[in-house]
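Chemist: have a look at this prediction, sequence included:
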Amino acid sequence: METYLNFLLIRFGLIAGGLVLLALAAFAVAVVLKRRGRLEDVRRYAEPAARAAMRAAARRLEGGSAARRGGGGRGEGR
């Protein structure tokens, strides 16, 4: 049991460390773009893609629970 818990702790540490490194890399890119005066250009190009991704995620979340249950509510069609 102790070995399994150690494995879970190591896995959590690796995932958390990876997320921290990813956040630092994104921050460094943003700082470099801001210093070069290109941050507004990047925002202008990235905004439509981010909005489309949010719309797709919202559609998936709204329709996902009904699709997993078989599409109908209250046991219909079973």
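Modeler: Noted; the coordinates are in hand.
Chemist: centre of the chain versus the helix ranked longest in the chain, how much separation?
Modeler: The single longest helix within the chain, with elements called by DSSP state H, is helix 2-36. Distance of helix 2-36 from its chain centroid, counting by CA atoms, centre = their mean, to the nearest Å, is 14 Å.
Chemist: what distance do you get for the nearest residue to Val42 once chain neighbours are set aside to Glu40?
Modeler: Nearest-residue entry for Val42: Leu33, 5.7 Å, with adjacent residues in sequence omitted and distances by CB to CB, 6 or more residues apart in numbering. The way it works is simple: take the backbone N, C-alpha and C, and place the C-beta from them, glycine included. Using CB to CB, to the nearest Å, Leu33 is found at 9 Å from Glu40.
Chemist: which one's more surrounded, these two?
Modeler: More crowded of Leu33 and Glu40, by other CB atoms under 10 Å: Leu33, with 15 against 10.
Chemist: which other helices and strands does the longest helix of the chain contact?
Modeler: When contacts are defined as 3 or more CB pairs under 8 Å, 6 or more residues apart in numbering; DSSP states H and E, helix 2-36 sits against helix 39-68.
Chemist: rerun that using 6 Å as the cut-off
Modeler: Judged by 3 or more CB pairs under 6 Å, 6 or more residues apart in numbering; DSSP states H and E, helix 2-36 is in contact with no other helix or strand.
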